[in-house]
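> Generate coordinates for the sequence data below:
(2 chains)
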Number of protein chains: 2
Amino acid sequence: MPSKLTRIAIAGVGTVGTGVLNLLIKNKILGKFNLDISHIASRRKFNKKKLNLKNTKIFNDAKELTKIDDYEILIELIGGDEGISKEIVFDALRKGKKVITANKALVSKYWKEINKSCKDNNSFVFFEAAVAGGIPIIKVIQEFLLSNKITKIYGILNGTSNFILTNMFIKNENFKEVLKKAQDLGYAEADPSFDIDGVDTAHKLSILASIAFNLNCNFNNISTEGIREIELADLKYSEELGYKIKLLGITQFYSNELLCFVYPCLIHKSELISSVDGVYNGVVVESDFCNKSFLQGEGAGAEPTATSVVSDLISSINVTRSKLIPNSKIKYKNLKINNRYGRYFLRFTTIDKSGVISGITKEFKINNISMKTMLQKDQSPNSRNATIVITTHKCSEKDIKKALKKIDSLKFVVKKTVMIRIESL
Amino acid sequence: MPSKLTRIAIAGVGTVGTGVLNLLIKNKILGKFNLDISHIASRRKFNKKKLNLKNTKIFNDAKELTKIDDYEILIELIGGDEGISKEIVFDALRKGKKVITANKALVSKYWKEINKSCKDNNSFVFFEAAVAGGIPIIKVIQEFLLSNKITKIYGILNGTSNFILTNMFIKNENFKEVLKKAQDLGYAEADPSFDIDGVDTAHKLSILASIAFNLNCNFNNISTEGIREIELADLKYSEELGYKIKLLGITQFYSNELLCFVYPCLIHKSELISSVDGVYNGVVVESDFCNKSFLQGEGAGAEPTATSVVSDLISSINVTRSKLIPNSKIKYKNLKINNRYGRYFLRFTTIDKSGVISGITKEFKINNISMKTMLQKDQSPNSRNATIVITTHKCSEKDIKKALKKIDSLKFVVKKTVMIRIESL
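Numbers count the residues shown, from 1 in each chain, chains lettered A, B, ... in the order given. Take a look at the predicted model:
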């Protein structure tokens, strides 16, 4: 047991904050590691006595934390990339404190500034809980793979989107129906856009890219697409072809070019990451000496995220060397999505008449696109339309977009063609 | 960078030792962390100059290491639970050094003594490389899940056995053929018994149980069975029923009863761990706040194991608090395999005549065994025998063994009945 008492200030007692308090108290962590919860800032009321926190000072306004100095570790669980959470985190860093946060938006957006403040003030930041709640991916990258050259990371980093995609397929329901259910179950927010539009995944991906490649990954440069447009039909055709559709974050770094993409894509069922279903998250790290490391766990939720926070908390007690290695000297280019070279799944909705296939393939030829598989099924007798599903060999995104633009302008095309990337991992 | 130079003595430059030297040099770890390889003990000759180790003292006999004191960290990569590896490890611990080892047999067998020596001499031992080479399972248990109460761990911990089982099924070959190939490929030793008889898995499992449950798990009390008896037919019938057969190590601790079993078993294909194929290892840890954490990676091989060794090496530089928490105060009972309560896969070979099923089911009834599925296929016309595959509902191992003993003595039974456990994870 450390001989010196360490004082902790906790800001935010929502879902994760409650989980952290429960874990600390239920599993007797405070006594074991000589920790004291000296301050809690919470807008909500909670039962101090029940939690046995008699001597803890309670603030209704987290801003009060900027006025005190009698603590060693700040645990920030308010969230949001601006406002009070930003204020208290930077205040604590300026004061040379250790900061533990689950705030991916803040860490992603202000990565450079947080690094600088840590360096300037000999302060520390820990953010295991910010990426894939119950998966120790930050620890694995920073402490296990730190001798390796990491070449690629990809993962299912958003439980809400994964829950929706999994359940659309299993329950045979469309996007809106499943989103509604996810909201009722508490798996999706009232405003779900951060999750389903890929923003949350991009926040997490930028943090992973920054620590894995020792650079400042700018969140704004990440090409980000979400799952709003995914239709049940796409999931079913993918299944038939041997694939699942997952919202993936992918990052690679080579020859000073950074690839950072977030999009839904087809992943072959033989890939382990395709088995990550429901609210689970999964991450694969590829490195020069350790090949493929795969981790899966619950991506969110009070208890797994609390596990990450408390792991950081215990690590932070004795730490004297910052794990953040800012390296602004690395200059790199961002690879644009139009430079992607890969396979594509295309679903055409056309009038059911002759000449359609030759019309499509003509444009393919012009744009150097080669077809790998084609699937056209008998439609219901009273349908005048045909659905044609084509997967391509590898080609450039620029070419496929050019071809689709042209094809979608042809007379026989009834609806905008669906284009989903196929990821060869 | 740490300001003080840390001197490392490496014992053993075989497969893993070479991997460690390559990783340290290729990825410039020595300079980055101010490390110096002061001594190497190796029976084999190797090119000092090529590795740029001009100032390193080389011993042909590792015993020489017991006569020196001018190093801080010993990396033991010789292996074996007795003899020279044991001698140098305990010598270093007595001298208050930090010891990093990949030696599962030694750590497993002398867990208690190693703990005691660390305590008595303020020395340290690190053994990430001893369990599942490229998977940071020790770190995850000791540093990520340390706030959680771990309830169960199970895993595929031996790459050789997993390679054999996977390839028997894929290549449609029997055990002996695939073992021969594994030996030719270097995936199995000339004497493969440690791997295929489950001993290696049991070594690793005992280490996992000891750190997860804070107790001294005695390797000798682990009920251990290997894969020698698994026939291709069993893999195929399992597939038909929706299962794979894997060599699993399982440990659970509740009400002061320790369950530690190693055996091949049927795992339903919906379980993630069933997708761990070939030389890969996979581990699931179940805990009170983090539910199921799953990790997969290469289980052995020079490079992944070197990653574990070097991760320990860097962690060890600044460590001042031993992660080993020996707790001999915990008294517990070992759960015997006969107390297992679970499902079973049974393959009967009988004469093809009437009365066989009723003869079998009569013994089931007497012993409280209830059948869940039955499969009997048409045999080749010139076969006089019948194969009957039965899976049971949950029952006790004692009862199933009693029933099988009786059934195997019945006249119509041609061969000893195959019994493989079905694991509900």
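
> could you pull out the strands for the stretch 151-300 of chain A?
Applying DSSP state E, counting those that start in this stretch to the stretch 151-300 of chain A gives strands spanning A:223-224, A:243-254, A:257-268, A:280-287, A:291-298.

> Could you dump those into TSV with distance to A:Arg384, mean pLDDT and mean neighbour count added?
Bear in mind the C-beta positions are built from the backbone N, C-alpha and C, glycine included. Formatted as TSV, the strands of the stretch 151-300 of chain A follow (distance: least, C-beta to C-beta, whole Å; pLDDT from 0 to 100; neighbours: other C-beta atoms under 10 Å in any protein chain shown):
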stretch	distance to A:Arg384	mean pLDDT	mean neighbour count
strand A:223-224	37	98	20
strand A:243-254	28	97	23
strand A:257-268	28	98	22
strand A:280-287	42	98	24
strand A:291-298	45	96	24
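
> Relative to chain B, which of those strands is closest?
For chain B, the closest of those is strand A:291-298, at 4.2 Å, according to C-beta to the nearest C-beta.

> Do any residues in the one helix or strand A:Thr18 maps to lie close to chain B?
When elements are assigned from DSSP states H and E, A:Thr18 belongs to helix A:15-26. Yes: using C-beta under 8 Å from any C-beta of the partner chain, helix A:15-26 comes into contact with chain B via A:19, A:23-24.

> Of those, which is the nearest to chain B?
The closest of these, once distances to chain B are taken by C-beta to the nearest C-beta, is A:Leu23, at 5.3 Å.

> for the helix or strand hosting A:Ile314, the distance to its chain's centre please.
Assigned by DSSP H and E, A:Ile314 belongs to helix A:302-317. Helix A:302-317 has its C-alpha centroid displaced from the chain centroid by 19 Å (C-alpha atoms, centre = their mean, to the nearest Å).

> Show me which residues of the stretch 201-350 of chain A sit near chain B.
A:272, A:275, A:287-298, A:303-304, A:306-308, A:310-311, A:314-315, A:318, A:320-321.

> residues contacting the nearest residue to A:Tyr263 once chain neighbours are set aside?
Residue nearest to A:Tyr263 in three dimensions, not counting chain neighbours: A:Glu225, with 4.3 Å by C-beta to C-beta, 6 or more residues apart in numbering or on different chains. Residues in contact with A:Glu225, defined by C-beta atoms under 8 Å, 6 or more residues apart in numbering or on different chains, are A:197-198, A:262-264.

> Compute the number of surrounding residues for A:Ile366.
Using other C-beta atoms under 10 Å in any protein chain shown, A:Ile366 has 12 other residues around it.

> For it, give its distance to A:Ile422.
Shown here: A:Ile366 relative to A:Ile422, a distance of 21 Å by C-beta to C-beta, to the nearest Å.

> shaky segments in chain A?
Applying pLDDT under 70 to chain A flags residues A:1-3, A:321-328.

> in it, which spans are helices?
For chain A, the helices defined by DSSP state H cover A:15-26, A:29-32, A:84-94, A:104-109, A:111-121, A:137-139, A:159-171, A:175-185, A:193-196, A:199-213, A:232-241, A:302-317, A:356-366, A:397-408.

> now these as CSV including distance to B:Ile407?
Shown next, in CSV, are the helices of chain A (distance: least, C-beta to C-beta, whole Å):
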stretch, distance to B:Ile407
helix A:15-26, 49
helix A:29-32, 53
helix A:84-94, 67
helix A:104-109, 59
helix A:111-121, 67
helix A:137-139, 50
helix A:159-171, 41
helix A:175-185, 49
helix A:193-196, 56
helix A:199-213, 56
helix A:232-241, 43
helix A:302-317, 47
helix A:356-366, 62
helix A:397-408, 63
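
> so which of those helices gets nearest B:Leu30?
Checking the helices of chain A against B:Leu30 by C-beta to C-beta gives helix A:199-213 as the closest, at 21.9 Å.

> A:Val279 against A:Ser161, yeah?
No: if you go by C-beta atoms under 8 Å, A:Val279 and A:Ser161 don't touch, sitting 10.0 Å apart.

> out of these two, which sits in the more crowded spot?
More crowded of A:Val279 and A:Ser161, by other C-beta under 10 Å: A:Ser161, with 30 against 21.

> so what's that one up against?
A:195-196, A:198, A:201, A:226-227, A:247, A:264.

> Of those, which is the most crowded?
Counting by other C-beta under 10 Å, top hit in these: A:Thr201 with 30 neighbours.

> quick revisit: and which of the contacts of A:Ser161 is nearest A:Lys116?
Nearest to A:Lys116 among those, counting by C-beta to C-beta, is A:Thr201 at 25.8 Å.

> Identify the residues contacting the closest one.
Per C-beta under 8 Å, 6+ apart, neighbours of A:Thr201: A:157-158, A:161, A:224, A:247-249, A:262.

> of all those residues, which comes closest to B:Asn220?
A:Leu157 (43.9 Å).

> Need phi/psi at the closest one.
Here is the backbone geometry of A:Leu157 (degrees, to the nearest 10): phi -110, psi 0.

> ok, it touching A:Gly297?
No: at 11.7 Å, A:Leu157 and A:Gly297 do not qualify as touching, with contact defined as C-beta under 8 Å.

> hey, what's in contact with both of the two?
Shared contacts of A:Leu157 and A:Gly297, counting by C-beta under 8 Å, 6+ apart, come down to A:132, A:281.

> What is the burial count for A:Ile314?
Counted with other C-beta under 10 Å, A:Ile314 comes out at 18.
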